[in-house]
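Colleague: everything below, folded, please.
(chains A and B)
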Number of protein chains: 2
Amino acid sequence: MSEATYDVVAIGNAIVDVIAQADHDFITREGMTAGSMQLLDAEQATGLYGRMGPGREISGGSAANTLAGMAAMGARCGFIGQVANDQLGQVFIHDLRATGVTFEVPAREGEPPTGRCLILVTPDGQRTMNTFLGASHYLPVAALDKGLIASGAILYLEGYMWDPEEPRAAMRSAIITAREAGRRVAFTLSAAFVIARYRADFQALIDDGLIDILFANEEEIVALTEAPDWEAAVTAIENKVPLLVVTRSEHGAVATQNGERIAVPAEPVERVVDTTGAGDLFAAGFLTGQAQGRSVEDSLRMGAIAAAEIISHFGARPEADLKKLVAEKLG
Amino acid sequence: MSEATYDVVAIGNAIVDVIAQADHDFITREGMTAGSMQLLDAEQATGLYGRMGPGREISGGSAANTLAGMAAMGARCGFIGQVANDQLGQVFIHDLRATGVTFEVPAREGEPPTGRCLILVTPDGQRTMNTFLGASHYLPVAALDKGLIASGAILYLEGYMWDPEEPRAAMRSAIITAREAGRRVAFTLSAAFVIARYRADFQALIDDGLIDILFANEEEIVALTEAPDWEAAVTAIENKVPLLVVTRSEHGAVATQNGERIAVPAEPVERVVDTTGAGDLFAAGFLTGQAQGRSVEDSLRMGAIAAAEIISHFGARPEADLKKLVAEKLG
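Modeller: Presented below is the predicted three-dimensional model:
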């Protein structure tokens, strides 16, 4: 096994977030479930965009957010995802490369346009996401750079990408490539609706021992295991993955490794502005800690620090100097 | 003279801001003057974008920002400006209409793309603007809706628009239309570099009695009058315009009307995040106060309240409920 030149190589959705403030009445009127993520087709996305308030566009995508956070903390990262050759695609490419992440997949010509996520943030800071996947849907197996995947110490996969057919095939192929190169595979369950559709797939990946690090929040781990509560869910799955990380919002996070459970509290936040990206940045902090050879507890704390930064402003890409924040709080 | 159905109709640049954080070294290295605005061609804009950090896209344009702020305070507004038929153009149209502003100028087909302003915000909150005008440059006289202009109690013009040839002609035509309909004309000087090029034009407009309300900051009023300091500049010009409003950053603002000077202090701000749009939102507050029949002093205070809100976050479009803020602070 050759030495890894990247700490993490990730495959994920390449989308730009369109973030607008909204009141709870609007969420109800639109028939959305507050705090959830739903997929929209092009027509639905156009309709909702027309009804929602003024926005701000900030690059997003779950795994891409994680890599942007990791790069800000000094990790070496590569991204694989699909944008269209349009203005939002250029924005996505610029923003990710400007953080220092390697991203070389060529933009796709023609329709559909670059994916976007219409995010409604209520006054309590909760985000409700409405995603039009656009070009992101069309990541072909051919776009996978096997050399890049083989050169990452960890391959990080986003559960959201399991939904469309082409990326699902691409991810299966990537897992094989990473395994053959002797790399670890990390997986984030992403959202309950994805698990509802692909529970059997995810359980098979886990049972086959293909997942080394599994990220989930309480709702997702319950959805995966169909256990009565998150603690029962952790018990049901902790012996099947070498490292399980469960985020618990304001209750902090728990990891289990070799039968040992380690918990950390949430990092205090002055005011929660927008929870978009909290899970993504938790993963960023945790994986950076692991890449730096830190303990599981310190890795969890780095996750909590990065998540706290991201929820204190709009958007899922860091604004503060995360490296400095970690150094101040953790050394 | 028929009754006005709009409080303000404005003509201005239709551009999307791309806001990135930068340190002072970057500003120096790029040969920029901190706090200034410069125009870029397409190639320069692409080059700078490639070198600057991750951004967030928020609709901008000086007069458009003013209208968005006015609409948020309940004023009835119409906008005239030119976007291209591309994704950033759609973003601009959506964001302005979502605030309640009427904006019906059709997007322009083909090149150039929608204008954008690359804004670098340093840790002290100061913004340095680099504008690629794009389609905004090509606002044709034919795009002016004379009925719309005649129906606004005030026609508001942005000095920035004096630079490109087509919009300059369009604005001259608009002034005639507004005058014939018996409306007031308000003008903002926008930036010192514009005044340096068109001082004679602006002075002629003022000398011909075509400007009823003139907005400027200290630097601009000095540039216009070539007086030794802002107070001498005010003295030189206050008898030539019925209402002169000079903003003075942290020193508040001064208005003169019928020989009487009225000053208000700046509204306190917890932390200055990004000064982009401070002057635009000051104008929004002031013009809304005037539209509501308030005194000059209260109109100035509304300007200070709106400016304080805008500099406390990234971007030049309001995030807080301005109407509520004004009601709390001013009644």
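Colleague: who in chain A is up against chain B?
Modeller: Residues of chain A found near chain B, taking C-beta under 8 Å from any C-beta of the partner chain as the criterion, are A:18, A:20-21, A:49-50, A:52-59, A:68, A:86-88, A:91, A:94-96, A:98-99, A:113-114, A:314-315, A:317, A:319. (Glycine included, C-beta is placed from N, CA and C.)
Colleague: just the buried ones out of those residues, please.
Modeller: With neighbours counted by 16 or more other C-beta atoms under 10 Å in any protein chain shown, those contain buried members at A:18, A:20-21, A:49, A:52, A:54-59, A:68, A:86-88, A:91, A:94-96, A:98-99, A:113-114, A:314-315, A:317, A:319.
Colleague: got the contact list for the residue most central in space within chain A?
Modeller: With distances taken as C-alpha atoms, centre = their mean, the residue of chain A nearest its centroid is A:Ser62 (2.9 Å). The contact partners of A:Ser62, taken as C-beta atoms under 8 Å, 6 or more residues apart in numbering or on different chains, are A:12-13, A:158, A:160, A:188, A:190, A:279-280.
Colleague: likewise for A:Ala308?
Modeller: A:Ala308 sits next to A:266-269 when contact means C-beta under 8 Å, 6+ apart.
Colleague: go again using 10 Å as the cut-off
Modeller: The contact partners of A:Ala308, taken as C-beta atoms under 10 Å, 6 or more residues apart in numbering or on different chains, are A:266-270, A:272, A:278, A:281-282, A:285, A:320, A:325, A:329.
Colleague: how close does it get to B:Gly252?
Modeller: In this structure, A:Ala308 and B:Gly252 are 36 Å apart, going by C-beta to C-beta, to the nearest Å.
Colleague: what's the answer for A:Tyr156, then?
Modeller: 52 Å.
Colleague: tell me which of the two has more neighbours.
Modeller: When neighbours are counted by other C-beta atoms under 10 Å in any protein chain shown, A:Tyr156 and B:Gly252 differ, and A:Tyr156 comes out ahead with 29 against 18.
Colleague: tell me the secondary structure at that one.
Modeller: For A:Tyr156, the assignment made with DSSP: H, G, I helix; E, B strand; the rest coil gives strand.
Colleague: in the stretch 201-331 of chain A, which residue sits closest to chain B?
Modeller: When you check the stretch 201-331 of chain A against chain B by C-beta to the nearest C-beta, the closest residue turns out to be A:Arg317, at 5.8 Å.
Colleague: show me where chain A has its helices.
Modeller: All helices of chain A, identified by DSSP state H, fall at A:24-29, A:42-51, A:62-72, A:87-98, A:146-150, A:165-180, A:192-207, A:218-225, A:230-237, A:278-291, A:296-310, A:322-330.
Colleague: my guess is A:Tyr160 contacts A:Phe187, does it?
Modeller: No - using C-beta atoms under 10 Å, A:Tyr160 is not in contact with A:Phe187, being 11.3 Å away.
Colleague: quick one: pLDDT of A:Tyr6?
Modeller: pLDDT, A:Tyr6: 98.
Colleague: what number of residues lie near it?
Modeller: 23.
Colleague: need the contacts of A:Ala308 in TSV with pLDDT and neighbour count, can you?
Modeller: Supplementary listing: the contacts of A:Ala308 in TSV, determined by pLDDT from 0 to 100; neighbours: other C-beta atoms under 10 Å in any protein chain shown:
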residue	pLDDT	neighbour count
A:Ala266	97	18
A:Glu267	97	20
A:Pro268	96	8
A:Val269	96	15
A:Glu270	93	7
A:Val272	96	15
A:Ala278	97	25
A:Leu281	98	30
A:Phe282	98	28
A:Gly285	98	32
A:Ala320	95	15
A:Leu325	97	20
A:Lys329	95	13
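Colleague: in chain A, which helix or strand is least confident?
Modeller: Considering only helices and strands, the least confidently modelled element of chain A by mean pLDDT, DSSP states H and E is helix A:165-180, at a mean of 90.
Colleague: buried sites along it?
Modeller: For helix A:165-180, the buried set under the neighbour-count rule, 16+ other C-beta under 10 Å, comprises A:166-167, A:170-171, A:173-175, A:177-178.
Colleague: other SSEs contacting it?
Modeller: Using 3 or more C-beta pairs under 10 Å, 6 or more residues apart in numbering or on different chains; DSSP states H and E as the contact definition, the elements that helix A:165-180 packs against are strand A:6-11, strand A:77-80, helix A:146-150, strand A:152-158, strand A:184-188, helix A:192-207.
Colleague: between those, which gets nearest to B:Ile211?
Modeller: If you check each of those against B:Ile211 by C-beta to C-beta, strand A:77-80 wins as the nearest, at 52.7 Å.
Colleague: looking at the closest one now, give me its mean pLDDT.
Modeller: Mean predicted lDDT for strand A:77-80 stands at 98.
Colleague: measure the closest residue to A:Ala143 other than its chain neighbours to chain B for me?
Modeller: Nearest-residue entry for A:Ala143: A:Val105, 5.0 Å, with adjacent residues in sequence omitted and distances by C-beta to C-beta, 6 or more residues apart in numbering or on different chains. Separation of A:Val105 from chain B (C-beta to the nearest C-beta, to the nearest Å): 18 Å.
Colleague: what's the closest non-adjacent residue to A:Thr5?
Modeller: Spatially, and ignoring its direct neighbours in sequence, A:Thr5 is nearest to A:Ser151 (4.6 Å; C-beta to C-beta, 6+ apart).
Colleague: that neighbour against A:Gly182, yeah?
Modeller: No - using C-beta under 10 Å, A:Ser151 is not in contact with A:Gly182; the gap is 11.5 Å.
Colleague: need the overlap of contacts for those two.
Modeller: Counting by C-beta under 10 Å, 6+ apart, the residues touching both A:Ser151 and A:Gly182 are A:2, A:4.
Colleague: which one's more surrounded, these two?
Modeller: In this view A:Ser151 and A:Gly182 are compared by other C-beta under 10 Å, and A:Ser151 has more residues nearby, 19 against 11.
Colleague: could you pull up phi and psi at that one?
Modeller: The main-chain torsion angles of A:Ser151 are listed as degrees, to the nearest 10 and equal phi -90, psi 0.
Colleague: skipping its backbone neighbours, what lies nearest A:Lys72 in space?
Modeller: If you look again at residue A:72, you'll see it is Ala, not Lys. Leaving aside its sequence neighbours, A:Ala72 sits nearest to A:Leu322 (C-beta to C-beta, 6+ apart; 4.5 Å).
Colleague: quick check: that neighbour vs B:Asp321, distance?
Modeller: 31 Å.
Colleague: so between those two, which is more surrounded?
Modeller: It is A:Leu322, of A:Leu322 and B:Asp321, that has more neighbours when counted by other C-beta under 10 Å, with 25 against 14.
Colleague: point out where the stretch 201-331 of chain A drops to low pLDDT.
Modeller: Judged against pLDDT under 70, the stretch 201-331 of chain A has no low-scoring part.
Colleague: ok, 90 please
Modeller: When residues are selected by pLDDT under 90, those of the stretch 201-331 of chain A lie in A:258-259, A:331.
Colleague: just give me how far stretch A:317-324 sits from the chain centre.
Modeller: For stretch A:317-324, the separation from the chain centroid amounts to 17 Å (computed by C-alpha atoms, centre = their mean, to the nearest Å).
Colleague: what of stretch A:268-279?
Modeller: The gap between where stretch A:268-279 is centred and where its chain is centred comes out at 15 Å by C-alpha atoms, centre = their mean.
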